[in-house]
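In: coords please:
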Amino acid sequence: MQSKALDPVDILRAYGKVAIRAHEATNCVTEILFPEAEAWLQPGGGVNLSGPLAGIPVSLKDSIVVGGWDVSVGYSRNVGKPYGADGAHVRLLKEAGAVPFVKTNLPVTLLSFESTNDVWGRCTNPHNAAYSPGGSTGGESALLAFGGSRIGVGSDVAGSVRVPAHFAGCYSLRCSTGRWPKMGMNTSMPGQEGVPSVFSPLARTLDDLRYFTRAFVSCGPWRHDHTVHPLEWRGGVEDEFAGKAVLRVGVLRTDGVVDPSPACARALQLVAKALRAQGHEVFDVAPPSPYDGLVLASQLLNADGCRTFRSFFRSGERSDPGAAQLSGYMRLPRTLKFLYYLWVRYVRRDPLWAGLLRGWYPKTAFENWQLVSKREAYKAEWHKWWTEPDGGRAMDFMIAAPNATPAVPHDAMKNAVSSCGYTFLFNLVRAD
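Out: Take a look at the predicted model:
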């Protein structure tokens, strides 16, 4: 497109047609921006067709601000309140030459590996309509897996780009905090910083993911968003790891909470076997307790007692099954909570779930500060474990199952809510 061999409007229309078919099959799209996107591609329309992403259609999670459209986040009270100007993501995308062309579905509350809400309805998996495409960036994964987009942008606080990629079969990258813009969006939990959410890309191929991330960061997102570190793309680090003949790879087999299902365990084993066959050093690892990390992260994320995301519901509006279960327990009187904890711990004999429930109550500012202090100590423990490993077996990277299960049936998050440890853990240890 930079050489004028292709017309960007033709590319936009081609992806637009497939996006419509994807929506018919999965209900993945929330907003259609086609006429406006064509106008943006015209001379003087605001899209820089000399940029590194020239003419590439990019889909966006519904929570990202595009000037002139609502950002509902699945809540009906946000409907009919269009934003006046583009957010940081969209300004940077247009500057790089990309053109936003659709916005995509997500779960109300943004706290689910499903993508359902009363405003836009249920998004389904393109491979099997009875299953979830993941969440909270599920509309993106469904659209990408169907072929209706090439690149998407979502957000992740506990696995919300990685689990959708896993459920639907595409690629994602959970960016480090401060590496990607976070302004110019709406959320169900404004002000929540115990476990920071990060916006991150999804793609159909690994090469697309690499190219898009490099191009996006190289455009200097810190110029549009004060929360982004002014850190250039470090090509030397990329070259260093690409040139290593032998990599040291640690394998995390389980988080100690929910063992991977046979399918997910088999996938992890296949990756480990393939790496070993290529001559890399592959070995099992036992990091600082992932269970302790899950307990800490879940309390930090919901230190407000789930009041913030509940405050946006209108009367009669449905919540996600998993989020509703947790917020319902949060509102029980402390005496009933303690009795239930004892029943789970000593009658059901489930000490892990009981341990997660034990601290499930709204935190005071004093208690929240204590949690943040524990978070920093836990991160320090992980840093020491990674940089000073026992036995001298330092790692270049670690692999783990992306989730304890493959794609779940609709409404299954009520039973699968504790399976998020494989992704949530890394939001906690990288909360900087």
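In: What ranges does the stretch 201-350 of the chain have for its strands?
Out: 248-252, 281-284 (DSSP state E, counting those that start in this stretch).
In: what's the closest of these to residue 420?
Out: Shortest distance between residue 420 and these, using CB to CB, is found for strand 248-252: 14.6 Å. Where C-beta positions appear, they are placed from N, C-alpha and C, glycine not excepted.
In: Counting by contacts, list what the closest one packs against.
Out: Contacts defined by 3 or more CB pairs under 8 Å, 6 or more residues apart in numbering; DSSP states H and E place strand 248-252 against helix 262-277, strand 281-284, strand 397-400.
In: Let me see the mean pLDDT of it.
Out: What strand 248-252 shows for mean pLDDT is 95.
In: What of stretch 179-196?
Out: Mean predicted confidence for stretch 179-196 is 95.
In: so how far does it reach from one end to the other?
Out: 12 Å (CA to CA, to the nearest Å).
In: cool, stretch 113-129 as well?
Out: End-to-end distance of stretch 113-129 (CA to CA): 15 Å.
In: same question, stretch 315-334
Out: In stretch 315-334, first residue to last residue: 25 Å (CA to CA).
In: what do you get for stretch 91-109?
Out: Start-to-end span of stretch 91-109 (CA to CA) is 26 Å.
In: Kindly report the same for stretch 316-335.
Out: 28 Å.
In: Touching that stretch from outside, list them.
Out: 75-76, 107-109, 111-114, 116-118, 302, 305-306, 309-310, 313, 337, 340, 357, 360-362, 411-414, 416-417 (CB atoms under 8 Å, 6 or more residues apart in numbering).
In: pLDDT wise, what is residue 422 at?
Out: Per-residue pLDDT puts residue 422 at 96.
In: What strand or helix carries it?
Out: Per DSSP states H and E, residue 422 falls inside helix 421-429.
In: okay, the angle between that helix and helix 262-277?
Out: Here helix 421-429 runs at an angle of 70 degrees relative to helix 262-277 (axes from the mean of the first three to the mean of the last three CA atoms, to 10 degrees).
In: what helices or strands is helix 421-429 leaning on?
Out: Counting by 3+ CB pairs under 8 Å, 6+ apart, helix 421-429 packs on helix 290-301, helix 365-387.
In: right, so these: which one is the most enclosed?
Out: helix 290-301 (a mean of 22; mean count of other CB atoms under 10 Å).
In: Could you list the low-confidence segments of the protein?
Out: Applying pLDDT under 70 to the chain picks out residues 390-392, 431-432.
In: ok so, going back, now tabulate the helices and strands packed on strand 248-252 in JSON lines and tack on mean neighbour count and distance to residue 236.
Out: Output for the helices and strands packed on strand 248-252, formatted as JSON lines (neighbours: other CB atoms under 10 Å; distance: least, CB to CB, whole Å):
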{"stretch": "helix 262-277", "mean neighbour count": "14", "distance to residue 236": "24"}
{"stretch": "strand 281-284", "mean neighbour count": "14", "distance to residue 236": "23"}
{"stretch": "strand 397-400", "mean neighbour count": "16", "distance to residue 236": "17"}
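In: JSON lines please, covering those and showing distance to residue 375.
Out: Converted to JSON lines, the helices and strands packed on strand 248-252 look like this (distance: least, CB to CB, whole Å):
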{"stretch": "helix 262-277", "distance to residue 375": "27"}
{"stretch": "strand 281-284", "distance to residue 375": "26"}
{"stretch": "strand 397-400", "distance to residue 375": "20"}
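In: Ok, which of these comes nearest residue 205?
Out: Between residue 205 and the helices and strands packed on strand 248-252, the tightest spacing by CB to CB is seen for helix 262-277, at 17.2 Å.
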